[in-house]
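Enquirer: A predicted structure for the sequence below; I have some questions about it.
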Protein chains: 2
Amino acid sequence: MQQQISVITLGIEAIERSRDFYTRGFGWKPVFENDEIVFYQMNGFVLGTFLKTALETDMGRSGLMQPGAFSLAHNLAREEDVEPLMRQLANSGGRILRPADKPPHGGFRGYVADPDDHAWEIAWNPFWQIDASGHVTFGL
Amino acid sequence: MQQQISVITLGIEAIERSRDFYTRGFGWKPVFENDEIVFYQMNGFVLGTFLKTALETDMGRSGLMQPGAFSLAHNLAREEDVEPLMRQLANSGGRILRPADKPPHGGFRGYVADPDDHAWEIAWNPFWQIDASGHVTFGL
């Protein structure tokens, strides 16, 4: 069995507001978009931002809530890149949840909520490798 | 800016119950574990299952809710692999949310909740490529 996740899908309220955060805040480019979903090709998998009502229909249940009990992380190669990206995300429709500081396990990180209140950890972790394609390997 | 996610972290109530689902249900092996977190090395990034209270502390906010407005997907190479994996997940502490059927966009998929009510789509999608390392590429 592959240790594989093919898609992370985030439920959103409005396409444009979310798209602004990901394209202006992170600088990412969609690989596909229509009036209910935007897909981004990521490092070995796909990120989807999908109207929450459509996600509920696809999943066969309603009542999905925010903030959900999860977070996503984006790692940077240098400690000094963390705060500028957090500011850029906050200026693109995001909201700072926790200003960056040094966690007990090392490195430097803060949290930003996207416009739909999904949490992003923005981190520098010197123990985890990131290759040129963005593939990330766990390390201690 | 890399189109990169380094970690997906799921908030969980109990380490063993969640670990059973991922190790017995999916057959995945942890790369690291202690009494509050289990990490799995995935296809270009890391999956973490972290005690929800610890995630809330790290994030600097409380009140994270389930089910959250997101889903994760695991894609399989063959349509006939979808239902057996869904049954195996259900037999490892999961719960079927939507039995597998054919979505409008093609392929075959169903949804299973993990023991913490996080939704997993189990899918066969003939338009998306999966390489031998599990790296998934968007396709139409």
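Expert: Yep, that arrived.

Enquirer: send the alpha carbons of stretch A:98-113 over as CSV?
Expert: In CSV, the C-alpha atoms belonging to stretch A:98-113 read as follows (Å, rounded to 0.1, in the frame of the first residue of the first chain):
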residue,chain,number,x,y,z
ARG,A,98,0.0,33.1,16.2
PRO,A,99,3.0,35.4,15.5
ALA,A,100,6.1,33.5,14.7
ASP,A,101,8.3,32.3,17.5
LYS,A,102,10.6,29.3,18.4
PRO,A,103,8.7,26.1,19.2
PRO,A,104,10.2,23.6,21.7
HIS,A,105,11.2,21.2,18.9
GLY,A,106,13.3,23.8,17.2
GLY,A,107,13.1,26.1,14.2
PHE,A,108,10.8,29.0,13.9
ARG,A,109,7.1,29.1,13.0
GLY,A,110,3.8,31.0,13.2
TYR,A,111,0.2,30.4,12.1
VAL,A,112,-2.0,32.2,9.6
ALA,A,113,-5.7,31.5,8.9
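
Enquirer: what's next to it, contact-wise?
Expert: For stretch A:98-113, contacts defined as Cβ atoms under 8 Å, 6 or more residues apart in numbering or on different chains pick out A:67, A:71, A:73, A:79, A:82-83, A:86, A:89-90, A:94-97, A:119-127, B:58-61. Placement of C-beta: from N, CA and C, glycine included.

Enquirer: Tell me where chain A has helices.
Expert: Applying DSSP state H to chain A gives helices spanning A:15-20, A:52-59, A:82-90.

Enquirer: Let me see the confidence value for the residue nearest to A:His135 when sequence neighbours are not counted.
Expert: Counting by Cβ to Cβ, 6 or more residues apart in numbering or on different chains, A:His135 lies nearest to B:Gly44, which is 4.0 Å off, once chain neighbours are set aside. In this prediction, B:Gly44 carries a pLDDT score of 97.

Enquirer: ok, now A:His105?
Expert: 85.

Enquirer: Tally up the residues packed near it, please.
Expert: By the other Cβ atoms under 10 Å in any protein chain shown criterion, the neighbourhood of A:His105 contains 11 residues.

Enquirer: Ok, A:Met42 next?
Expert: Neighbours of A:Met42 using other Cβ under 10 Å come to 22.

Enquirer: my guess is it contacts A:His135, does it?
Expert: No - between A:Met42 and A:His135 there is no contact under Cβ atoms under 8 Å: 10.1 Å.

Enquirer: before we move on, the earlier item: pull out the buried members of the contacts of stretch A:98-113.
Expert: A:67, A:71, A:73, A:79, A:82, A:86, A:89, A:94, A:96-97, A:119-125, B:58-59, B:61 (16 or more other Cβ atoms under 10 Å in any protein chain shown).

Enquirer: First-to-last residue distance for stretch A:85-94?
Expert: 11 Å (Cα to Cα, to the nearest Å).

Enquirer: That stretch: how far from the chain's middle?
Expert: 12 Å (Cα atoms, centre = their mean, to the nearest Å).

Enquirer: for stretch A:124-133, same thing?
Expert: With Cα atoms, centre = their mean, you get 16 Å for stretch A:124-133.

Enquirer: now stretch A:107-116
Expert: Offset of stretch A:107-116 from its chain centre (Cα atoms, centre = their mean): 9 Å.

Enquirer: What residue in chain A is the furthest from its centre?
Expert: Distance from the C-alpha centroid of chain A peaks at A:Met1, with 25.9 Å (Cα atoms, centre = their mean).

Enquirer: And for the closest residue to it other than its chain neighbours, the neighbour number?
Expert: Nearest residue to A:Met1 in three dimensions, chain neighbours excluded: B:Gly27, at 3.9 Å (Cβ to Cβ, 6+ apart). Number of residues near B:Gly27 (other Cβ under 10 Å) recorded here: 13.
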